[in-house]
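Enquirer: Task: produce atomic coordinates for the following.
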Amino acid sequence: MKLIILDRDGVINEDSDHFIKSAAEWVPIPGSIEAMAHLNKAGYTLAVATNQSGIARGLYDLATLDAMHAKLRRLLTEHDGEVAYIAYCPHLGDEQCNCRKPKPGMLHEIAAYVGADLTQATVVGDSLRDWQAAAAAGANYVQVRTGKGERTLAGGQLPADIPVFDNLSDYAHSLTGTPTA
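Expert: Sure, this is the predicted structure:
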């Protein structure tokens, strides 16, 4: 199985330092939905691992999160794509759960659900904690410049040998050799 685990905010959809709090605020990054569908058609299984502390902060509830993910799934279906599994962490960073990135709990949850070996999977993220979770799980990692990506790269904490792409669409093109749109 060729598994790609995507961070959500900043990789698939536009990010906000004020949180994405509704399905209306959940806006795909141009080309990301098409890239995901393109990866599906090329034989990749896609999953999402996303920290969603806005739930614990009381900014939105599980029904709202479900509505955001329903929107993602609907848009993917319109392009003949799908996401196999969406894992989310609703906790605050100080709760010491195992699911919140940079811990690898969500990645292990995804691997168990889809029956994949994380050492053969790739995580696509835009933040240091995405890379840390991937490294803790033994997965490969790819950085995108979208979302918090540029800020993360400017921080200089990622290993120099990590592949960097402008966006998810560019990454999908690098794997398949064909444009995603």
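Enquirer: Tell me how many other residues surround Asp130.
Expert: 32 (other Cβ atoms under 10 Å). Placement of C-beta: from N, CA and C, glycine included.
Enquirer: Is it in contact with Tyr141, as I believe?
Expert: Yes: taking contact to mean Cβ atoms under 8 Å, the distance of 7.3 Å between Asp130 and Tyr141 places them in contact.
Enquirer: Need the overlap of contacts for those two.
Expert: Overlap between the contact sets of Asp130 and Tyr141, as judged by Cβ atoms under 8 Å, 6 or more residues apart in numbering, is given by 123-124.
Enquirer: And the contacts of the longest helix seen in the chain?
Expert: In the chain, taking DSSP state H as the definition, the longest helix is helix 62-78. For helix 62-78, the surrounding residues in contact (Cβ under 8 Å, 6+ apart) are 12-13, 20-23, 26, 28, 33, 36-37, 40, 48, 52, 55, 82-83, 86, 88, 90.
Enquirer: what's downstream of it, the next helix or strand?
Expert: strand 85-89 (DSSP states H and E).
Enquirer: what about the residue nearest to Ile55 when sequence neighbours are not counted, how many neighbours?
Expert: Here the nearest residue to Ile55 in space, its sequence neighbours aside, is Pro90; by Cβ to Cβ, 6 or more residues apart in numbering that works out to 3.8 Å. Look at Pro90: counted by other Cβ under 10 Å, it has 18 neighbours.
Enquirer: For Pro90, list the residues it contacts.
Expert: Applying Cβ under 8 Å, 6+ apart, one finds that Pro90 lies in contact with 52-53, 55-56, 62, 65.
Enquirer: If we use 7 Å, what do you get?
Expert: 52, 55-56 (Cβ atoms under 7 Å, 6 or more residues apart in numbering).
Enquirer: Alright, that wraps it up for me.
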